[in-house]
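J.: predicted model, plus sequence, below.
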Amino acid sequence: MIRLGLSVVALALAGGAQAGTAWEMFVTRCLDPFEHQGVAIVDGLTAQPIDQMHEARRAFGPSADGHVLVVDNAPSVGERACGVEAAAADPSEAELAWRYAQLSAGRYAPEGDWLVSNEWIEPRIMMRSDISGARASYWIVETDLES
C-alpha cells in the first residue's frame, strides 16, 4: 500500500476550536482523520441523544457555527462513515480546489456521486458532497474495498 502524507488543507484543532465553514469542519474532523486511517474527531462537541431508528449513528453538535457532525459505524455503504451537515448551503471554493487537486493527482477517481480513493490507501475511502436547497452535507465512508 502506498500512502502519501499530503494534506491539502491543514487545520489545527487546538483545544476543541471550531472551524468556521462546514467544509473546514469536515476536513478537520472527518476527511483528514479518515485519510490517515483514524477516527472522527468529536472533541469539543456535545453528543446528541441516540436515534433509536439508527443506533449506529451518533450526532455531535451543533458547533458554534450551527454545523452537526454525524458518525455512523454501520452505514449502508462501507463500514463506517463521518459527515458534516451544514446549517445552510455554503458552497466552498476550498472544496472545489481540493477536488481538482485530488483528481489531478490521481488520488481519487469519480465513481457516480462519489470520489473513490485510488491505490494510496487501503481499505479505500469514498467522499461526496451534496449542496442542494438550503442545506449542505459532506460525507466520507471507509469501504471494505481494496485496491
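T.: Arrived safely, thanks for sending. Everything numeric here is computed off the predicted structure, so don't read it as measured data.

J.: please, where are all the helices along the chain?
T.: With DSSP state H applied, the chain shows helices at 22-26, 32-35, 93-105, listed in chain order.

J.: my read: Ile140 touches Phe34, true?
T.: Yes. With contacts defined as CB atoms under 8 Å, Ile140 counts as touching Phe34 at a distance of 4.8 Å. C-beta here means a position set from N, CA and C on the backbone, and glycine is covered the same way.

J.: for Ala47, which of the helices of the chain is the nearest?
T.: In terms of CB to CB, the element of the helices of the chain nearest to Ala47 is helix 22-26, at 16.1 Å.

J.: what's that closest one in contact with?
T.: Residues outside helix 22-26 that contact it (CB atoms under 8 Å, 6 or more residues apart in numbering): 9, 11, 18-19, 63, 65, 67, 69, 83-87, 90, 92, 94-95, 136-138, 140.

J.: quick one on the thing from earlier: among the helices of the chain, which is nearest Ile125?
T.: Nearest to Ile125, of all the helices of the chain, is helix 32-35, at 5.4 Å by CB to CB.

J.: would you put the C-alpha positions of that closest one in PDB?
T.: Taking C-alpha atoms only, helix 32-35 is exported to PDB below (Å, rounded to 0.1, in the frame of the first residue of the first chain):
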ATOM      1  CA  ASP A  32      -8.100  14.200   7.400                       C
ATOM      2  CA  PRO A  33      -8.600  11.600  10.100                       C
ATOM      3  CA  PHE A  34     -10.100   9.000   7.600                       C
ATOM      4  CA  GLU A  35      -7.300   9.700   5.100                       C
END
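
J.: tell me the buried residues in that helix?
T.: Buried residues in helix 32-35, counted by 16 or more other CB atoms under 10 Å: Asp32, Pro33, Phe34, Glu35.

J.: swap in stretch 20-34?
T.: Neighbour counts using 16+ other CB under 10 Å place 21-34 of stretch 20-34 among the buried residues.

J.: among the residues you listed, which two are most distant?
T.: Pairwise distances among the buried residues of stretch 20-34 were taken by CB to CB; the largest, 18.5 Å, belongs to Thr21 and Phe34.
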